[in-house]
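> predicted model and sequence follow; I will ask about them next.
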Amino acid sequence: MILLTPDEMGAADRLAAESGIDSYGLMVKAGYAVAASALKHFATVRRAIVLAGPGNNGGDGYVVARALAESGMDVAIHALGDPDKLKGDARTARFECPIEPQSLEAYLPQAGDLVIDALFGAGLARPLSGAVTALIEAIGRKGVPVLAVDLPSGLSGATGAPLGAAFHATRTVTFMAPKPGHYLLPGRDLCGVLEVADIGIPMRIVRAAQGGKLSVNSPALWRAALPHSAAGAHKFSRGHLGVFSGPAGKTGAARLSAMAGIRCGAGLVTLAVPASAEAEVAAHQTAIMQRRLDEADDLRDWLADRRLSAFVIGPGFGADARAREFVQALAERPTVIDADGISAFAEAPDELFVTLGRFAPHCVLTPHQGEFSRLFPDIAADDDCGKVEKARAASARAHAVVLYKGADTVIAAPDGRAAINANAPPWLATAGSGDVLAGIIGGLLAQGMEAFEAACAGAFLHGEAGSRAGEGLTAEDLPGHLPPLSAFS
Ligand SMILES: NC(=O)C1=CN([C@@H]2O[C@H](COP(=O)(O)OP(=O)(O)OC[C@H]3O[C@@H](n4cnc5c(N)ncnc54)[C@H](O)[C@@H]3O)[C@@H](O)[C@H]2O)[C@@H](O)CC1
Ligand SMILES: Nc1ncnc2c1ncn2[C@@H]1O[C@H](COP(=O)(O)OP(=O)(O)O)[C@@H](O)[C@H]1O
Ligand SMILES: [K+]
């Protein structure tokens, strides 16, 4: 599912107009779609209150009011600003609506109302005024449901962050394609249930307007890149994943990664284990092989085996000089750099970026918010930037695919492709869950998937496994709940 930024949606609007599509016709379809949603999902409300803003979002609101009145509903309009100053399509919509707008101040929320929020959409440029903020609070206190037109007013469609106060909608109806703010937090929560209404802009125009190559993560993005097990497959043809264990007492994280890697199809998985931890790891693993590996020299010997097709380094490893040395040696091959593999470069991130820049972007960095801030402090601190822009900037700087974890995980590639993952249940927020994710991606890389596709597929499979394992899962449960790759091909 493609996503459009508000700017790209504006471009789609312009391209549609240039191709002869009537922009007022689009507004009418948008307004009727919102009215249909109100009638379907809020069947028991006694009165619809349309809050209409000064731009085209307000214009949509006048169409909604007309449509609801035509269906026999009791409707009132409360306008922000002077309705006589409306321009263009919004002005037309106002004069085609039989209901005379009242002032915003005149609205007193009552139980039984439905608020249609048509104050601001894509054009929101600054925080809402004090009067609108007070009204949002009054509506919230009365528990009046809100149906948002395009976006809950106050929310940035580009970043998912409210500019100040914002409506908390029960449902949101947007047009043609969702915007990043519908999926990034806290926007996703503020939108409630999201509906995407087709208002008749041809898909070729929507695609032409989509400059930034941003999508919601779904199998359509990576299905074609999934590894296929040919009938004649042997274990080496399915790839060999190497996972680096931490010292004794710290081996669990790498063991979780290794299990996940073998579960999602790597032909062989070997845990590289320091001498101190050999007995501990051996006591736990059966299908996973293990190899003693202490020093960088041991690693160089191991790397002579060209059949090792991918690595995971970081979970439980120790964020130290040895981690830096290992990451630098591994960067020539597809590697997931997670946890301590990231934190080890906190003092000298450029060392990592220079190393990764020597190769094609075949490595995946999987930072959570804390790790992201350690590696990219300036990008993390840029409040004007949403999570998608942050992940993109980080990816370009690091010459690697960046999977920026969280409830709204974003995956970005150095070439600008990006995806927001949306299938992860909240109970994935449990210790060790990220180690499993690193192993899944490692397993896919080992089977020859490209880094961006492997990271996107990995995040999606991780979310699916979380849903299948259910609430109360522990990280150990996740590998056993991974769906088979063939379910997506
Ligand atoms: N293809 C499209 O792009 C379509 C857009 N439509 C609607 O058009 C909307 C965008 O319309 P506009 O670009 O007119 O923008 P808005 O209606 O969101 O905002 C209108 C204007 O309000 C002013 N403003 C911004 N923030 C403010 C604040 N905090 N306080 C006071 N004034 C503020 C700005 O000058 C802004 O241009 C979309 O959200 C959607 O609802 C629909 O009619 C369907 C088609
Ligand atoms: N609220 C949430 N909803 C969905 N997924 C989440 C949520 N919080 C965290 N996750 C996911 O859980 C995993 C946690 O990884 P991480 O922070 O590295 O933890 P750990 O190091 O304990 O494994 C990540 O994949 C992250 O995207
Ligand atoms: K709105």
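Received it, and whenever you're ready, just let me know what you need. Ligands and ions are numbered 1, 2, ... in the order given.

> show the pLDDT at the nearest residue to residue 184 once chain neighbours are set aside.
Once flanking residues are discounted, residue 184 sits nearest to residue 160: 2.8 Å by C-beta to C-beta, 6 or more residues apart in numbering. Bear in mind the C-beta positions are built from the backbone N, C-alpha and C, glycine included. Looking at residue 160, its pLDDT stands at 97.

> so who does residue 160 touch?
180-188, 386-387, 408 (C-beta atoms under 8 Å, 6 or more residues apart in numbering).

> ok so it is a strand residue?
No - with DSSP: H, G, I helix; E, B strand; the rest coil as the criterion, residue 160 is assigned coil and is not in a strand.

> re the thing from before, turn the contacts of residue 160 into TSV, including neighbour count and pLDDT.
Below are the contacts of residue 160 laid out as TSV (neighbours: other C-beta atoms under 10 Å; pLDDT from 0 to 100):
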residue	neighbour count	pLDDT
180	27	97
181	31	97
182	25	98
183	25	98
184	26	97
185	14	97
186	16	97
187	27	98
188	17	97
386	23	95
387	24	97
408	21	98
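
> restrict the residues you listed to those near ligand 3?
Among the contacts of residue 160, no residue lies close to ligand 3 (C-beta under 5 Å from the ion).

> can you list these in JSON lines and add secondary structure and distance to residue 129?
Output for the contacts of residue 160, formatted as JSON lines (DSSP: H, G, I helix; E, B strand; the rest coil; distance: C-beta to C-beta, whole Å):
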{"residue": "180", "secondary structure": "helix", "distance to residue 129": "25"}
{"residue": "181", "secondary structure": "helix", "distance to residue 129": "20"}
{"residue": "182", "secondary structure": "helix", "distance to residue 129": "24"}
{"residue": "183", "secondary structure": "helix", "distance to residue 129": "27"}
{"residue": "184", "secondary structure": "coil", "distance to residue 129": "25"}
{"residue": "185", "secondary structure": "coil", "distance to residue 129": "25"}
{"residue": "186", "secondary structure": "coil", "distance to residue 129": "21"}
{"residue": "187", "secondary structure": "helix", "distance to residue 129": "21"}
{"residue": "188", "secondary structure": "helix", "distance to residue 129": "25"}
{"residue": "386", "secondary structure": "coil", "distance to residue 129": "24"}
{"residue": "387", "secondary structure": "helix", "distance to residue 129": "27"}
{"residue": "408", "secondary structure": "coil", "distance to residue 129": "29"}
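
> does stretch 112-127 reach ligand 3?
Yes - applying C-beta under 5 Å from the ion, one finds stretch 112-127 touching ligand 3 at 117, 121.

> ends of that stretch, what's the gap?
29 Å (C-alpha to C-alpha, to the nearest Å).

> ok, residue 197 - contacts?
Here residue 197 is in contact with 29-30, 33-34, 37, 173-176 (C-beta under 8 Å, 6+ apart).

> same question but for residue 285, I mixed them up
Contacts for residue 285 (C-beta under 8 Å, 6+ apart) come out as 255, 258, 271.

> distance check, it against ligand 3.
54 Å (C-beta to the ion, to the nearest Å).

> phi, psi for that residue please.
phi -100, psi 150 (degrees, to the nearest 10).

> and it, how close does it get to ligand 2?
Residue 285 sits 19 Å away from ligand 2, going by C-beta to the nearest ligand atom, to the nearest Å.

> buried stuff in stretch 197-210?
For stretch 197-210, burial by neighbour count (16 or more other C-beta atoms under 10 Å) applies to 197, 199, 201, 205-206, 209-210.

> next step: those residues restricted to helices.
Per DSSP state H, helices hold the following members of those: 205-206, 209.

> ok, and of those residues, which contact ligand 1?
Filtering these for proximity to ligand 1 by C-beta under 6 Å from any ligand atom leaves nothing.

> and residue 401, what does it touch?
So residue 401 contacts 361, 363-365, 395, 411-414, 451-452, 455 (C-beta under 8 Å, 6+ apart).

> chain center to stretch 190-210, what's the gap?
17 Å (C-alpha atoms, centre = their mean, to the nearest Å).

> what about it, average pLDDT?
Mean per-residue pLDDT for stretch 190-210: 96.

> can you tell me the residue of the stretch 151-300 of the chain closest to ligand 2?
residue 253 (7.2 Å; C-beta to the nearest ligand atom).

> touching the strand or helix carrying that residue from outside, list them.
Residue 253 belongs to helix 252-263 when assigned by DSSP states H and E. Here helix 252-263 makes contact (C-beta under 8 Å, 6+ apart) with 241, 243-246, 268-269, 271, 281, 284-285, 287-288, 312, 315-317, 338-339, 432, 435-440, 442-443, 446, 475-476, 478-480, 482.

> can you give me the neighbour number for the residue of the stretch 151-300 of the chain closest to ligand 2?
27 (other C-beta atoms under 10 Å).

> so, low pLDDT: which residues of the stretch 301-450 of the chain?
Counting by pLDDT under 70, not a single residue of the stretch 301-450 of the chain qualifies.

> what residues does it put near ligand 1?
So the stretch 301-450 of the chain never meets ligand 1 (C-beta under 6 Å from any ligand atom).

> nothing else from me, thank you.
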